[in-house]
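Student: take this sequence and fold it.
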Amino acid sequence: MKLKNAPVVEVVIGAQFSESALPNQLIFDFYQKIRNQFPLIQEHPPLLSIIEKINEKNENYLTQNILSRKFFLTQDQTKLIQIQPNRLLLNWRKNTENTEYPHFNNVLNEFLNIYTKINQIMQIDNYLNQLEVTYVDHIILEDFDKVDFNLTGILSVYNFSRTVKNFEGQISFPIGSINGNIILNIKNAIRNSDQKKLFVVETTCRGFNQAYSIQKWFDLAHNELVSFFEEILTPLTKSKWGYTK
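Tutor: Next comes the predicted model:
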């Protein structure tokens with residue numbers, strides 16, 4: 001599936017580890033290798049650890065002694081590395097209308113290069129327990145001639161015709177091949193830059209299969225996400241976004 005006018009504003013690719021696989025000294029040594037490309041640094045609260053379960057409740061927990069999460073950003077802030085002792089993520093972000101999405105394989109290759117650099121310092125492969133990929137899309141309501149928050153005719157996931165004031169919903173679907181789940185999050189919002197109404201749609205594939213290489217897992221997960229997104233697009237939305245098979 002290809003979308004000429006894809007609504008993607010962010011892609012996140014990441015890995016999670018079972019223990020404190022990325023101690024502070026390793027993070028410091030790693031940053032010396034990337035500081036020219038990622039000169040900006042921020043501190044943020046740590047992320048929860050998540051183990052996706054198929055057809056049962058997930059494991060969500062906060063690992064002890066993890067106090068913060070580092071952000072390393074490019075000067076234009078279109079790329080971001082998030083790192084804490086048990087998490088590593090790479091974000092691509094669309095920060096202007098003219099920012100061009102570099103396509104999934106380019107983002108994945110950059111993440112794998114970062115992963116390899118860290119793995120050369122310390123064998124983080126031994127601690128790996130989850131992989132994830134997320135697409136964030138913004139659906140601008142006025143593009144569909146809508147003035148109120150209503151998904152009718154845009155996505156075929158919530159079958160109601162009423163306008164909503166506030167909406168946030170999540171659905172998950174088990175995917176056996178990746179030993180994980182697809183998670184769909186939708187919420188309504190107003191864009192700060194121009195006050196336009198929109199729906200924020202996040203589709204995530206998270207899981208882990210020891211039988212596969214990291215590359216193969218991400219390839220399978222990406223294919224599952226693309227197929228799922230194609231399935232929930234209405235004919236009108238496909239036309240608006242320049243859909244081709």
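Student: quick one: the strands in the protein?
Tutor: Using DSSP state E, the strands of the chain run over 2-3, 8-17, 40-44, 49-51, 59-61, 69-73, 79-84, 87-93, 128-140, 168-175, 180-190, 197-207, 243-244.
Student: quick check: the residue most central in space within the chain vs Ala6, distance?
Tutor: Centroid-nearest residue in the chain: Thr134, 2.2 Å away (criterion: CA atoms, centre = their mean). Between Thr134 and Ala6 the computed distance is 15 Å (CB to CB, to the nearest Å). All C-beta atoms are positioned from the backbone trio N, CA, C, and that covers glycine.
Student: which residues touch Pro45?
Tutor: By CB atoms under 8 Å, 6 or more residues apart in numbering, the contact list for Pro45 reads 68-69.
Student: if we go to 10 Å?
Tutor: Residues counted as contacts of Pro45 (CB atoms under 10 Å, 6 or more residues apart in numbering) are 62, 66-69, 84.
Student: packing partners for the helix or strand of the chain with the lowest mean pLDDT?
Tutor: Taking mean pLDDT, DSSP states H and E as the measure, the helix or strand of the chain with the lowest value is strand 59-61, at a mean of 85. For strand 59-61, the elements it packs on are strand 49-51, judged by 3 or more CB pairs under 10 Å, 6 or more residues apart in numbering; DSSP states H and E.
Student: what lines up beside the strand it packs on in the sheet?
Tutor: Applying DSSP bridges to the sheet, strand 49-51 is found paired with strand 59-61 (antiparallel).
Student: hmm, back to that, what's the least confident stretch among the strands of the chain?
Tutor: Lowest mean pLDDT of the strands of the chain: strand 59-61, a mean of 85.
Student: that older thread, how far away from the center of its chain is the least confident helix or strand of the chain?
Tutor: Taking CA atoms, centre = their mean, to the nearest Å, one finds strand 59-61 lying 19 Å from the centre of the chain it belongs to.
Student: cool, and stretch 198-210?
Tutor: For stretch 198-210, the separation from the chain centroid amounts to 6 Å (computed by CA atoms, centre = their mean).
Student: buried residues, it. List them.
Tutor: Neighbour-count burial for stretch 198-210 flags 198-209 (criterion: 16 or more other CB atoms under 10 Å).
Student: pick the one among those closest to Ser177.
Tutor: Asn209 (7.4 Å; CB to CB).
Student: surely the closest one meets Leu131?
Tutor: Yes - judged on CB atoms under 10 Å, Asn209 makes contact with Leu131 at a distance of 8.7 Å.
Student: shared neighbours of those two, anything?
Tutor: 178-180, 217, 221.
Student: now those residues in CSV, with neighbour count and distance to Asn150?
Tutor: Below are those laid out as CSV (neighbours: other CB atoms under 10 Å; distance: CB to CB, whole Å):
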residue, neighbour count, distance to Asn150
Ile178, 25, 33
Asn179, 19, 36
Gly180, 28, 31
Trp217, 23, 37
Ala221, 25, 31
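Student: Serialize those to TSV and add fields for distance to Leu141.
Tutor: Shown next, in TSV, are these (distance: CB to CB, whole Å):
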residue	distance to Leu141
Ile178	33
Asn179	37
Gly180	32
Trp217	35
Ala221	29
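Student: and the furthest pair within these?
Tutor: Asn179 and Ala221 (10.5 Å).
Student: between the two, what contacts are shared?
Tutor: 131, 207, 209, 212.
Student: let's have those in TSV, adding distance to Lys187.
Tutor: Below are these laid out as TSV (distance: CB to CB, whole Å):
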residue	distance to Lys187
Leu131	25
Gly207	23
Asn209	30
Tyr212	32
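Student: closest to Gly169 out of these?
Tutor: Gly207 (21.4 Å).
Student: surely that closest one meets Leu131?
Tutor: Yes - between Gly207 and Leu131 there is a contact under CB under 10 Å: 6.9 Å.
Student: who touches both of those two?
Tutor: With CB under 10 Å, 6+ apart, Gly207 and Leu131 have common neighbours 52, 178-180, 217, 221.
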